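K.L.:
quick one: sequence plus predicted model below, questions after.
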Amino acid sequence: MILDGSALRDVLGVEVPEVQVSAVTNDSRAVSPGSAYVAIKGFTTDGARFVPQALEQGATLIVADHPIDGAPTAVVPDTRAAMARLAVAVNGDPSKDLTVYGITGTNGKTTSSYVLHGILSSAYGAAKTGLLSTAEIIVGTERRPAVRTTGEAPLVQGTLARMRDEGVQYVVLETSSHGIALQRVAGTHYAAALFTNLSRDHLDFHPTMEDYYLTKRRLFEWTDGPKLANSDDPYGARLADEVSGTLRFGTTTAADYQAVAIEQTSAGTDFVLRTPTMELPLHMPLLGDYNVLNVTGAAAIALETGMDPDILQRAVADIPQVPGRFERVPNDKGFEVIVDYAHTDVGLAAVLDVARAVTEGRVIVVYGAAGRRDPAKRPKMGAVATQKADIGIITTDDSYDESPEAIAAEVKAGAPDHEVILDRREAIERALATAKSGDLVLIAGKGHERVQHLPDGDIDFHDATVAAELLSERG
Ligand SMILES: CC(=O)N[C@H]1[C@@H](OP(=O)(O)OP(=O)(O)OC[C@H]2O[C@@H](n3ccc(=O)[nH]c3=O)[C@H](O)[C@@H]2O)O[C@H](CO)[C@@H](O)[C@@H]1O[C@H](C)C(=O)N[C@@H](C)C(=O)N[C@H](CCC(=O)O)C(=O)O
Ligand SMILES: Nc1ncnc2c1ncn2[C@@H]1O[C@H](COP(=O)(O)OP(=O)(O)OP(=O)(O)O)[C@@H](O)[C@H]1O
């Protein structure tokens, strides 16, 4: 849509010069003629520095929190809020025509999002469904890798508009706390919301756990339709108490949607979903207690938004592999090689429990901790790996500008017996060389990711591909 001066004044609620705007971005490098460039004061730099580039590339309007000499500027009190409002308006408020399911929580967002997307695709057809997630953005049958969990508002609203225009109806929007706090999803109409759990993470961004929780709670405050919270989790139980209309899911009798009679089989997991009105036996191809919770939440939201139970039952049986989540690397060596995205102490503990449950042999884990993020979790990850695996090799995750040696030393503080091999390929190679028939090698931390961020720059690295290469080199 093209917004003229008067439409822009309505959207922004401030004085705007007589200009026309057909797109919006906060990245000067992405400005095309007719764009509004929103100059955001970021955590590392000030977007105002890039106004000359934006103008040179054809920006017709600058949105900033202060007047900018020689540029047609709208001065707003909050640039991120203004960007969200512009992104909604310029894309014709796409979420009002879609059924958007928001999924938030510390662990299990991506898995729950894929599970719900898989269920919706089987029930309503792939062409009718979409997904914005950490791993991929899926529009109908087209898939592409995502850059972050919840992109900036122009990406979110632009993708929702494309979905609307291509006939998609049901959209799963993985919603991170950064996404909520930095207004990346502001103005989105959520038809339903799901909360998986909350544990220590992102404390480099949120000053306290309370702030982290309250940020996630906002998603539930915005949602008019069905809201489901995991009542096995203390924060989920609190959320259900605090936001009226929230239903509970979990494995205890406190839950409105309760998973009972859980049995792991070699082909997956069987359980019965006890709902307020029926008992629905379900079989899913996924392993692990946490996936029972992920599927229970997704199934509950599907039923609460009107899905037929028989259709749901078939859809759950057909849930596809989630990229990088307990992903098997096929091989003929007699041991299992699994890639998993677990990158917190809680996630690592959960996936190591699954690894232990499905193997008769030893569990060998290759793991590390990322740079920039909450350093307090590093020794905790070491302690969890020591407690739950037979052999541990500490390696480099995404260290960004932090020293890989220093991060590994912090992890090792919790795992004094674990060897440190900083080169991730070498660490994986050592684990594969150590494994014997019946063992399970778990490569944890990076899941679906295809790039490793290191102090000297980014390199291509995809755990499943590297493991497959090393396995074939071993003959
Ligand atoms: C803390 C955070 O989220 N930061 C994001 C934020 O950075 P920022 O606001 O500090 O931006 P900045 O780098 O200081 O730059 C200021 C402004 O100048 C602009 N700029 C900059 C350079 C240039 O040449 N031209 C230009 O216009 C930038 O686009 C930005 O608007 O805006 C940038 C542009 O969109 C993001 O790239 C950046 O994500 C960083 C890289 C990041 O790592 N974010 C992570 C923490 C994140 O968002 N994670 C969550 C949660 C994941 C989870 O659940 O685990 C997610 O949703 O992915
Ligand atoms: N419900 C859950 N509870 C605890 N751990 C889980 C749960 N679901 C998945 N996990 C573990 O956490 C890892 C990350 O899962 P997933 O990618 O679904 O979470 P996420 O919330 O999307 O993470 P991120 O926000 O970092 O993208 C998985 O690989 C698995 O090991």
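P.N.:
Noted; the coordinates are in hand. Ligands and ions are numbered 1, 2, ... in the order given.
K.L.:
could you list the low-confidence segments of the chain?
P.N.:
266 (pLDDT under 70).
K.L.:
show me what from it comes close to ligand 1.
P.N.:
Neighbours of ligand 1 within the chain, by CB under 6 Å from any ligand atom: 26-29, 40, 42-45, 47, 50, 148-150, 152, 176, 178-179, 182. The C-beta positions use only the backbone N, C-alpha and C, and glycine is treated the same way.
K.L.:
list buried members of those residues by neighbour count.
P.N.:
26-28, 40, 47, 50, 149-150, 152, 176, 179, 182 (16 or more other CB atoms under 10 Å).
K.L.:
just the buried residues of stretch 356-366, please?
P.N.:
Buried, per 16+ other CB under 10 Å, within stretch 356-366: 358-359, 362-366.
K.L.:
who touches that stretch?
P.N.:
With contacts defined as CB atoms under 8 Å, 6 or more residues apart in numbering, stretch 356-366 is touched by 264, 266, 287-288, 335-336, 348, 352, 355, 385, 388-393, 395, 424, 427-428, 431, 434-444.
K.L.:
ok, now stretch 27-41?
P.N.:
2, 20-26, 46-48, 50-51, 53-55, 57-65, 68, 74, 79-80, 82-83, 86, 90.
K.L.:
what does stretch 63-83 give?
P.N.:
Contacts to stretch 63-83, defined as CB under 8 Å, 6+ apart, come from residues 8, 12, 14-17, 19, 24, 26, 36-41, 47-48, 51, 55, 60-62, 86, 152-154, 182-183, 186.
K.L.:
what about H117, neighbour count?
P.N.:
28 (other CB atoms under 10 Å).
K.L.:
who's in contact with it?
P.N.:
Going by CB under 8 Å, 6+ apart, H117 touches 129-131, 133, 138, 172.
K.L.:
coming back round to it: and the contacts of stretch 356-366, which are buried?
P.N.:
Buried members of these, counted by 16+ other CB under 10 Å: 264, 287-288, 335-336, 348, 352, 355, 385, 388-389, 391-393, 395, 424, 427-428, 431, 434-435, 439-444.
K.L.:
thinking again about what came up before, the buried residues of stretch 356-366 into a markdown table, with extra columns for secondary structure?
P.N.:
Shown next, in a markdown table, are these (DSSP: H, G, I helix; E, B strand; the rest coil):
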| residue | secondary structure |
| --- | --- |
| V358 | helix |
| T359 | coil |
| R362 | coil |
| V363 | strand |
| I364 | strand |
| V365 | strand |
| V366 | strand |
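K.L.:
so which of those reach ligand 2?
P.N.:
Of the buried residues of stretch 356-366, not one also sits near ligand 2 (CB under 6 Å from any ligand atom).
K.L.:
of the residues you listed, closest to A229?
P.N.:
Taking CB to CB as the measure, A229 lies nearest V358 of the buried residues of stretch 356-366, at 28.8 Å.
K.L.:
ranges for the strands of the stretch 251-400 of the chain?
P.N.:
Under the criterion DSSP state E, counting those that start in this stretch, the stretch 251-400 of the chain contains strands at 257-265, 268-274, 279-284, 327-328, 336-340, 363-367, 391-394.
K.L.:
hang on, R328 packs against I338?
P.N.:
Yes. Under the criterion of CB atoms under 8 Å, R328 makes contact with I338 at 6.1 Å.
K.L.:
quick one: which of those two has more around it?
P.N.:
A direct count of neighbours by other CB under 10 Å for R328 and I338 places I338 higher, at 25 against 11.
K.L.:
I'd say that one and A435 touch.
P.N.:
No. Here I338 does not reach A435: they are 11.4 Å apart, not a contact under CB under 8 Å.
K.L.:
identify the contacts common to the two.
P.N.:
By the contact definition CB under 8 Å, 6+ apart, I338 and A435 are jointly contacted by V441.
K.L.:
what about the contacts of stretch 356-366, which are in helices?
P.N.:
Among the contacts of stretch 356-366, the ones falling in helices (DSSP state H) are 348, 352, 355, 385, 388, 424, 427-428, 431, 434.
K.L.:
leaving out the residues flanking it, which one is nearest to P375?
P.N.:
E410 (6.3 Å; CB to CB, 6 or more residues apart in numbering).
K.L.:
contacts only, for the closest residue to ligand 2 within the stretch 351-475 of the chain.
P.N.:
Proximity of the stretch 351-475 of the chain to ligand 2 (CB to the nearest ligand atom) peaks at V351, 3.5 Å away. By CB under 8 Å, 6+ apart, V351 lies in contact with 288, 326, 340, 342, 442, 444.
K.L.:
who's in contact with L86?
P.N.:
Residues counted as contacts of L86 (CB under 8 Å, 6+ apart) are 3, 8, 11-12, 21, 24, 36, 38, 63, 153.
K.L.:
what about it? Give its phi and psi, please.
P.N.:
The phi and psi torsions at L86 (degrees, to the nearest 10) take the values phi -60, psi -40.
K.L.:
the one 4 residues further on now?
P.N.:
The main-chain torsion angles of V90 are listed as degrees, to the nearest 10 and equal phi -70, psi -20.
K.L.:
was I right about it contacting L12?
P.N.:
No. Using CB under 8 Å, V90 makes no contact with L12, being 11.9 Å away.
K.L.:
more neighbours, those two?
P.N.:
V90 (24 against 21).
K.L.:
residues of the stretch 1-150 of the chain that sit close to ligand 2?
P.N.:
Residues of the stretch 1-150 of the chain lying close to ligand 2 by CB under 6 Å from any ligand atom are 105, 107-111, 134, 149.
K.L.:
got JSON lines for those residues, with secondary structure too?
P.N.:
Putting those into JSON lines (three-state DSSP) gives the following:
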{"residue": "G105", "secondary structure": "coil"}
{"residue": "N107", "secondary structure": "coil"}
{"residue": "G108", "secondary structure": "coil"}
{"residue": "K109", "secondary structure": "helix"}
{"residue": "T110", "secondary structure": "helix"}
{"residue": "T111", "secondary structure": "helix"}
{"residue": "T134", "secondary structure": "coil"}
{"residue": "T149", "secondary structure": "coil"}
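K.L.:
what subset of these is buried?
P.N.:
Buried members of these, counted by 16+ other CB under 10 Å: 105, 107-111, 134, 149.
K.L.:
mind giving me the packing neighbours of the host helix or strand of V156?
P.N.:
Per DSSP states H and E: V156 is located in helix 153-165. Other elements packing on helix 153-165 under the criterion 3 or more CB pairs under 8 Å, 6 or more residues apart in numbering; DSSP states H and E are strand 23-25, helix 79-90, strand 129-132, strand 136-139, strand 170-174.
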